[in-house]
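[1] Okay, predicted coordinates and the sequence, questions at the end:
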Amino acid sequence: MEEIEREEPPGVDASEDVAASGDAADTEASADEANAEESPVEWDEPENNRKPRAERVNLTTDVEKDDARKIVTGEARYTADYSRRFPDLAHGTVVRSEIAHGYVTAIDTSDAEAIEGVYAVVTPRDDVVPDTLYSSSGQSYPEPSPWDMRVLRRHVRFVGDPIAAVAAETSEIADRAARAIDVEYEEREDVFDVEAALEPDAPRLFEDDEVENAQSGADYGRNLESHFEGEIGDVEAAFDRDDVRIHETELETPYQSHCVPEPHTTIAYTDEDGRYTFITATQVPNHTRRQLAHVFDVPIRDVRVEKPSVGAGFGAKQEMAIEPITFALHLAADRPVKLEMTRREEFYALRSRHPMDLTMRSAVTEDGTIVAMDLYARSNAGAYGTHGMTVASNVGTKALPLYPRVPNVRFEGDVVHTNLPMGAAMRGYGAPQGHFAVEAHLDEVARDLGVDPIEFKRNHAIRTGDLDDVSTILKDDDRFARRIRSCGLRECIDRGKDAIGWDEIEQPDEDHLHRGVGMAICAQGSGVAGRELGAAKLKMNEDGSFHLHVGGVDTGTGNDTMFSQVAAEVLGCGPDDIVVTSSDTDVTPFDYGSYASSTTYISGTAVKKAAEDTKERIRYWGSKLLEESESNLETEGGEVYSEATGASVSLEEIGYEATYGHDEREQIMGDGHHSTDESPPPFGAQFVDVTVDEETGEFELNELVYAADCGVAINPPLAEGQVEGGQHMSLEYATSGGLEFDDEGNPQTTGFRQYGMPRTTDHPPMETILVETHEPTGPFGAKSIGELPTNGIPPALSNAIRDAVGVRLTSLPITSEDVKAAIDRRGAENYSSN
């Protein structure tokens, strides 16, 4: 176990021994000692889990992504490509509400049903459409999100709510039939503003019998899906101290669309054995199977979910969004049905990142010690509660733990329903909103104090050995308090600072142009502590190759490649010797799915365990052939060899002997599953270099640098790709995107043109730096990487603009008009004060 380097307590000057607050440092030390036994720094990891670089064969190597060539050549098969398997396939279309709030009082489908080629029209009144309440969120059982949806809705709550659906011979016929359906409404008053929605006399979106919600603080009389709060220490007492300065920042974040290249698509059919089968673009096959069984009251055994290639998910496909409608159409049409969303539907009728209002306050002494932090988040859940409370809770429990020595911390939130599209899971899952609030706020605090923002944050930031109990601030016990056993954050800061040229920024020659740099530190998690399960099964073929069946879901990120590398490193073969089959609920072991940055950490560990189980049987057969003790044997280079004599036998020889031996035979197989209360955070430092024109407010991003600690990167190029893709999504969140609606809730953003996703020509140069640490609880020292880089650019850009022209931007997206308005306000304030 490597020695943990202890650093000085936080403060402006790291050499100063500054107590947190009075005797708080002693109290903190005592509490830390009390928790040391339950959550030690040391971890009893397997001996083979820590491999020096020189001994790694398949780890930290560039193995080509297994589907890369299929994707670029068009040979990868996505859900829609399976249509050709079904000559009698029907095509579906959804009829959606044209009003923001009200009740469907009548649906006339006669004209639609009379159109030639129409196979079925379904409405809420049809027997094949269950009236069962459910949550569409792909979360573990029982879902923390409320059950507040029905397959088709009589009570509509936003423009886009599904109220009917059509299955027809072609998509064109289905669309024409959908337009022929006549819908009558009883309109109700609507509400689009979260503050107005909380008023006692606001229109009520849910009656008591329309929702089942076990979340804290729900009050549907006020359109409140959830209220939560947690506190460590005594925040109010800290704010009342005479020796502190109070800092406060109010911030606002918008909707963000997932912009998945492949729209939501599902094919539903009944196989020859009468079992219901779904080929669907999903991140959560097993959750979807369970939820479909619940909604349609059929046994789980009779539902099969197959995940083909997925054209990205980013959280949008952590939902059972369209599968129930497809199933209802299939039952009504009595033939296979494909339902594929349009790009317009993806933008307004499916899922988005939750908009939020945030208030961040801190109490800081003159010597630069943070004695209290207080974060409030108010989230616009939209019309339904999928992932509402869980996303909002991550706002504080991901960003605030970056500063675990602050003795007094409070986090509070409200999740509010409005008659706008629903928010849901999206890459980062609340952490981008939280990091924007915390990192922009603390940058402003540092500038108010007149100190370097980097040094201010570095001195307060988390480090190896810390006990992070802030991440459990909303829980009743400290079972999931995290001991930080790996943290390369300071190296990330130092290397990122050097790469961006923090101390060497040169100003432009033009007087109206100003250059600035900004930094934000970031953290995420590796799965949901105590709420994950991954499993894998590995079998050996006669020729020494392997088939790996794993429930972990690859949504285009390269997980299947990573799985093969982990297994190959254990087995002593090459990744090419392993065929990976994933995410078919009939064939592959159970896995919660691809979300919460869990796949490498949870599913990868399950694969490692399955490979180790298999290896034990391989060594057994090797000992028979070599007539040596198993304890002398190791695997490498496609062989089992003796560390004592050097004698060896190939995996192929073992495969044939085990399968066809004379006195004994065996199918060499291994199983592995993994669940844990651990969720080690990866860390990162985002740097932005920007030039601002003070006359117009226009700004140009000169460079982005991201330094990331994801433990041991199993496949560095794939990890770098995740960082670069995450930065692109973060840049979009910071500078463009957002959804707009008119005064009646009608969507105005229905395509890429209106949305404004940054194009390649808009993107500044990026540099990615991988800082290696070793996480003892992860497979070969690995942590997550997929969500971490989505958190940094909004605060880092706000900080860079503040550095360049002295104004603070607190609302996303940041536009040139916003920058110019802020500069003008500052000028007016200066003129007034003079």
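    Alright, I've got the coordinates. Note that the structure is predicted; figures quoted are calculated from it, not measured. Numbering: from 1, shown residues only.
[2] what residues does the helix or strand harbouring residue 177 touch?
    Assigned by DSSP states H and E, residue 177 falls within helix 171-180. Applying CB atoms under 8 Å, 6 or more residues apart in numbering, the contact partners of helix 171-180 are 90-95, 111-113, 115-118, 121, 164-168, 340. No exception for glycine: its C-beta is placed from N, CA and C like everyone else's.
[3] And it, what's buried?
    Counting neighbours by 16 or more other CB atoms under 10 Å, one finds that the buried residues in helix 171-180 are 171, 173-174, 176-178, 180.
[4] Out of the residues you listed, flag the one nearest to residue 499.
    residue 171 (49.4 Å; CB to CB).
[5] Domain ranges for this structure, per the record?
    47-73+533-674, 79-190+261-348, 485-525+678-834 (automatic domain parsing).
[6] re the thing from before, what subset of the contacts of helix 171-180 is buried?
    90-95, 112, 115, 118, 121, 164-168, 340.
[7] could you measure residue 390 against residue 253, distance?
    17 Å (CB to CB, to the nearest Å).
[8] higher neighbour count, these two?
    residue 253 (28 against 22; other CB atoms under 10 Å).
[9] partner residues bridging residue 361?
    Bridge pairing for residue 361 (DSSP bridges) gives the partners residue 248, residue 374.
[10] Neighbours of it, how many?
    18.
[11] so who does it touch?
    By CB under 8 Å, 6+ apart, the neighbours of residue 361 are 239, 246-249, 372-375.
[12] Filter those down to the buried ones.
    239, 247, 249, 372-375.
[13] would CSV of these with pLDDT and distance to residue 452 be doable?
    Formatted as CSV, the buried ones among the contacts of residue 361 follow (pLDDT from 0 to 100; distance: CB to CB, whole Å):
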residue, pLDDT, distance to residue 452
239, 98, 25
247, 98, 17
249, 98, 19
372, 98, 22
373, 98, 20
374, 98, 24
375, 98, 24
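[14] want to throw those residues into a markdown table with distance to residue 489?
    Supplementary listing: these in a markdown table, determined by distance: CB to CB, whole Å:
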| residue | distance to residue 489 |
| --- | --- |
| 239 | 28 |
| 247 | 23 |
| 249 | 23 |
| 372 | 22 |
| 373 | 18 |
| 374 | 23 |
| 375 | 20 |
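[15] which one of the residues you listed is nearest residue 83?
    The closest of the buried ones among the contacts of residue 361, once distances to residue 83 are taken by CB to CB, is residue 375, at 48.0 Å.
[16] ok, residue 372 to residue 115 distance?
    From residue 372 to residue 115 the distance is 66 Å (CB to CB).
[17] can you check residue 780 too?
    59 Å.
[18] Also residue 754?
    For residue 754, the distance to residue 115 equals 32 Å [CB to CB].
[19] Quick check: phi and psi at residue 733.
    Here is the backbone geometry of residue 733 (degrees, to the nearest 10): phi -60, psi -40.
[20] Which residues are in contact with it?
    Contacts of residue 733 by CB under 8 Å, 6+ apart are 253, 256, 353, 432, 790, 793-794, 812-813.
[21] Repeat that for residue 644.
    Applying CB under 8 Å, 6+ apart, the residues near residue 644 are 628, 632.
[22] part of a strand, is it?
    No: counting by DSSP: H, G, I helix; E, B strand; the rest coil, residue 644 is not part of a strand but coil.
[23] The residue most central in space within the chain: what's its closest spatial neighbour, skipping adjacent residues?
    Centroid-nearest residue in the chain, with CA atoms, centre = their mean: residue 427, separated by 3.5 Å. Among residues not flanking residue 427 along the chain, residue 314 sits closest, at 4.5 Å (CB to CB, 6 or more residues apart in numbering).
[24] since we're on the one you found, how many residues are nearby?
    By other CB under 10 Å, neighbour count at residue 314 equals 26.
[25] go on, residue 815?
    17.
[26] And it, how close does it get to residue 271?
    Taking CB to CB, one finds residue 815 at 52 Å from residue 271.
[27] got it, and residue 700?
    Noted for residue 700: a distance of 57 Å to residue 271, by CB to CB.
[28] picking up where we left off before, ok, the contacts of residue 733 vs residue 554, which is closest?
    residue 790 (19.0 Å).
[29] give the contact list for that closest one.
    Residue 790 neighbours (CB under 8 Å, 6+ apart): 427-428, 431-432, 726, 729-730, 733.
[30] Low-confidence bits of this protein, can you list those?
    1-38, 831-834 (pLDDT under 70).
[31] how many other residues sit next to residue 152?
    Other residues close to residue 152 by other CB under 10 Å number 26.
[32] In three-state terms, how would it be classified?
    Classification of residue 152 using three-state DSSP returns coil.
[33] Next up, the contacts around the residue nearest to it when sequence neighbours are not counted.
    Closest residue to residue 152 apart from its sequence neighbours, by CB to CB, 6+ apart: residue 124 at 4.5 Å. The neighbourhood of residue 124, defined by CB under 8 Å, 6+ apart, consists of 104, 131, 150-154, 163-164.
[34] Throw these into CSV and include distance to residue 501, thanks.
    CSV is the format used below for the contacts of residue 124 (distance: CB to CB, whole Å):
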residue, distance to residue 501
104, 60
131, 62
150, 56
151, 56
152, 57
153, 55
154, 60
163, 56
164, 59
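[35] quick check, residue 579 in a helix?
    No: secondary structure assignment places residue 579 outside any helix; it is strand (three-state DSSP).
[36] Now do it against residue 485, distance only.
    Using CB to CB, residue 579 is found at 34 Å from residue 485.
[37] and if you look at residue 736?
    Applying CB to CB to residue 736 and residue 485 gives a distance of 38 Å.
[38] ok, these two, which is more surrounded?
    Just comparing residue 736 and residue 485: by other CB under 10 Å the higher neighbour count belongs to residue 485, 26 against 18.
[39] Fine by me, thanks again.
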